[in-house]
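>>> Give me the fold of what follows.
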Amino acid sequence: MADYDRTYLEAANAKRFSAAAKMSAAPLRRQLRSAKRILDVLLGSEGAQGMLLADDAGLGKTTIGAITAWVAASEGSGRSVRILAPNVVVAQRWDDELRRTLPALQDIAEGKLRLSGSSIGGYSPKASARHIQVTTQSRAVARGGLSCSLLIVDEAHRSKADTSDYRKAVGEVVRKGTKVLMLTATPMSLKAEELASMLALLGRKEAAASIRDFGKQIQFLYAGGDSRSEEQMAADLCSAADRATADMAACVLRHSVDNLSKVEQRAFGNGKVPWIIKEPSASSAEIELLARIDRLIRLAHPSSVRSNDPQFHVARAPVRQALENALSALATRKHAAFGTLHADAINKLRILEQPHPKMLAVADAIVSIVQESEKVAVFCHHHLVAEELTRVLARQVPAHPESKHPYKIWHSVWSELLGQAEDPYPNTGNRRILRRTFIDWICTKSFRDQIGSWIAARPPLTPDVLKKTYIPGGKPGGKQISIADAMVKLMSEVLNPKSKSMTGTLRLRAGNAADVKPLPFGATVATRVIGACESRIAAADGCADGHLFLQERRPDLLIALFNSPFGPDVVVLTDRYSEGIDLHVRCRYLLHYELDPSPVRTIQREGRIRRVNCWASVHRSPVKCAMPAFLGTRDERMVRIMEERIRSFGLLLGGGPSGLEDNRPSSLDDRVRRVLSLSEKKLQKFNGRLCLDGK
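Prediction:
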């Protein structure tokens with residue numbers, strides 16, 4: 001193994017690995033060194049039971065895990081390696097990464113890397129030597145038996161529940177001596193006990209105990225009522241962090257984009273900067289609406305613990321739904337008359353049917369961005385809010401001019417161009433049918449109008465025009481790509497037989513199945529906005545807005561389209577998509593319209609676009625994120641608290657209060673801020689121990 005390690009490091013310095021695997025050299029050096037550190041700890045002289053890789057989202061944990069798996073499987077007599085992914089989509093990403101890194105490893109090792117039998121396979125209770133198996137966590141646990149030499153657990157924070165079958169299964173193989181590498185971008189999701197639980201599972205009891213002590217100091221910091229001076233609180237917090245990071249340094253690797261070298265940071269764009277959006281203020285009518293709906297819910301549901309729902313402050317649909325439910329509940333009660341009075345007063349305000357001011361402000365900002373040939377990802381916490389926002393954005397974002405060329409001409413041109421394109425998967429079935437279905441899809445109105453706007457000044461549509469017209473917003477100073485080449489690349493990705501959900505969707509379309517649903521961006525009505533949310537209204541037959549929403553449960557086709565130059569300029573997503581997907585290939589703008597109570601989720605969202613070789617780095621521009629507030633409402637309070645939590649997240653390894661409570665006195669926030677200010681330099685120094693070169 002030592003010989004392999006030296007070869008890998010030399011190759012990284014000589015850029016041989018990066019050339020073979022088409023990776024950026026700077027991030028790859030850190031990834032190779034991380035893999036070597038993990039191998040030294042788990043399989044080398046240290047011989048420890050387990051290790052935690054806790055790099056922030058987007059830093060290449062999958063690449064590190066893939067390299068570790070290959071070296072472990074090929075080293076000496078070879079080891080069996082299992083990789084547990086949280087779902088099928090992430091399992092496919094692991095498969096892709098393993099296949100991408102293998103040629104580079106073989107090239108660098110000069111043919112020494114050899115694996116017998118299938119290197120990447122489905123589930124098998126018995127994992128043979130020199131074999132790497134990728135499967136989902138649920139499948140592995142359901143079928144029993146995780147025995148192997150090295151177990152790699154992705155999204156390890158899902159194993160934090162002590163009573164889960166998944167955790168019990170992992171704990172069983174640990175007790176039998178299996179080496180375990182856990183991967184997670186959120187090792188301490190607000191509660192120190194979660195990180196302590198993972199460390200205890202890895203057999204790191206001392207580190208688990210010290211992180212629990214650190215967690216207690218964080219609780220004291222946020223709980224209030226502490227009689228200690230701010231200076232003493234800062235000293236105690238730093239002392240606990242000192243012990244915790246010292247104990248964790250032997251078993252935890254953790255990096256963030258901000259503590260990488262300046263050379264490597266370029267692979268993530270020119271930093272992250274705020275996307276400034278003009279924040280609207282609530283009018284007196286808005287405040288009255290919120291007060292009246294709050295009173296109505298209290299009358300209808302006296303035992304309700306949440307009458308002032310955050311959704312009410314950012315959207316209309318939740319208010320209308322709550323109003324209807326409250327009036328229905330009050331209809332047969334003695335307070336029915338009061339309910340009618342409040343309902344009449346709300347109707348007289350005449351604002352429930354108007355677009356929400358925050359949605360209009362966000363739409364104005366997004367319009368200015370998409371007009372610069374940029375894409376935007378928008379995150380909401382609730383499906384109802386995401387559905388309403390999708391409709392508002394679709395009305396506000398101006399449509400592309402209607403294509404001058406009809407469907408038949410587009411179909412003829414694309415058939416000629418794509419019919420000549422080489423098929424990278426010629427030996428798989430139904431290729432001709434799938435290709436024809438793909439061409440039908442890209443000739444629908446949204447595609448025609450979008451691509452037509454790029455060639456508006458060109459002569460009549462021909463294959464030569466698409467070959468010579470470049471995609472707008474291309475690489476500054478780099479190689480531009482033609483419309484034809486970009487579409488060939490998209491077709492190759494969509495028709496990849498490994499992408500079973502994408503090819504399966506196309507097969508349904510080709511077979512004209514009775515229950516077939518529209519492809520994203522493929523309706524008879526053009527749109528530049530797609531919502532990936534559960535729209536109950538859009539799912540109904542004959543819905544006029546059905547084309548705005550992703551109808552398939554799995555988003556693979558929409559994500560592939562968004563990551564290409566084509567497709568929607570704006571996607572509205574819920575937190576279901578805040579981990580496990582990539583949005584960074586063509587997008588550097590992200591907007592948090594509605595917040596999840598946890599800052600972990602906010603950070604995970606931003607990790608979708610701030611990744612290695614993201615569009616920001618290609619574009620030589622910064623990543624831009626916005627968290628606009630509706631001023632004068634609870635939404636403003638939540639946004640301001642979240643901004644503070646994000647700033648302290650890295651310092652406290654993720655530790656903090658559990659939600660976005662807005663009933664805490666502002667003076668407490670000031671006290672927390674001052675304690676962290678006094679502790680900041682020392683906390684940064686201690687956290688640096690968890691990096692590769694930490695001391």
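
>>> Let me see the residues that make contact with the helix or strand containing residue 152.
Per DSSP states H and E, residue 152 falls inside strand 150-153. Strand 150-153 has contacts (C-beta atoms under 8 Å, 6 or more residues apart in numbering) with 42-43, 65, 68-69, 72, 79-84, 137, 159, 170, 173, 178-183. All C-beta atoms are positioned from the backbone trio N, CA, C, and that covers glycine.

>>> Chain neighbours aside, what residue packs nearest to residue 265?
Spatial nearest neighbour of residue 265, excluding adjacent residues (C-beta to C-beta, 6 or more residues apart in numbering): residue 257 at 6.4 Å.

>>> Please apply the same query to residue 498.
For residue 498, ignoring the flanking residues on the chain, the nearest one in space by C-beta to C-beta, 6+ apart is residue 92 at 6.7 Å.

>>> got a pLDDT number for the one you found?
In this model, residue 92 is scored at 80, pLDDT.

>>> How much space separates it from residue 248?
Residue 92 is 32 Å from residue 248, where distance means C-beta to C-beta, to the nearest Å.

>>> ok, now residue 410?
Relative to residue 248, residue 410 is positioned 58 Å away (C-beta to C-beta).

>>> same thing with residue 364?
Remark: distance between residue 364 and residue 248 (C-beta to C-beta) = 46 Å.

>>> Looking at these two, which is more packed in?
Neighbours were tallied for residue 364 and for residue 248 using other C-beta atoms under 10 Å; the higher tally belongs to residue 248 (28 against 13).

>>> On the pLDDT front, check the more buried one for me.
At residue 248, the model reports a pLDDT of 93.

>>> do the same with residue 529
At residue 529, the predicted lDDT confidence score is 96.

>>> how many neighbours does it have?
Using other C-beta under 10 Å: residue 529 sits among 26 other residues.

>>> got the residue ranges for the helices in the stretch 351-500 of the chain?
357-370, 383-396, 407-420, 431-442, 445-454, 463-468, 483-494, 500-511 (DSSP state H, counting those that start in this stretch).

>>> most packed of the ones you listed?
When the helices of the stretch 351-500 of the chain are scored by mean count of other C-beta atoms under 10 Å, the highest mean neighbour count falls to helix 383-396 (a mean of 23).

>>> Can you spell out which helices and strands pack onto that one?
Where contact means 3 or more C-beta pairs under 8 Å, 6 or more residues apart in numbering; DSSP states H and E, helix 383-396 is packed against helix 317-330, helix 357-370, strand 375-380, strand 529-532, strand 570-574.

>>> List the strands paired with the helix or strand following the last one, with their directions.
Spelled out, it's strand 570-574. Counting by DSSP H and E, the next helix or strand C-terminal to strand 570-574 is strand 587-592. Using DSSP bridges, the strands paired with strand 587-592 are strand 375-380 (parallel), strand 623-626 (parallel).

>>> Now the element after the shortest one, going C-ward?
Spelled out, it's strand 623-626. Next element after strand 623-626 (DSSP H and E): helix 634-649.

>>> Return the set of buried residues in that following helix.
Within helix 634-649, the residues scored as buried using 16 or more other C-beta atoms under 10 Å are 634-642, 645-646, 648-649.
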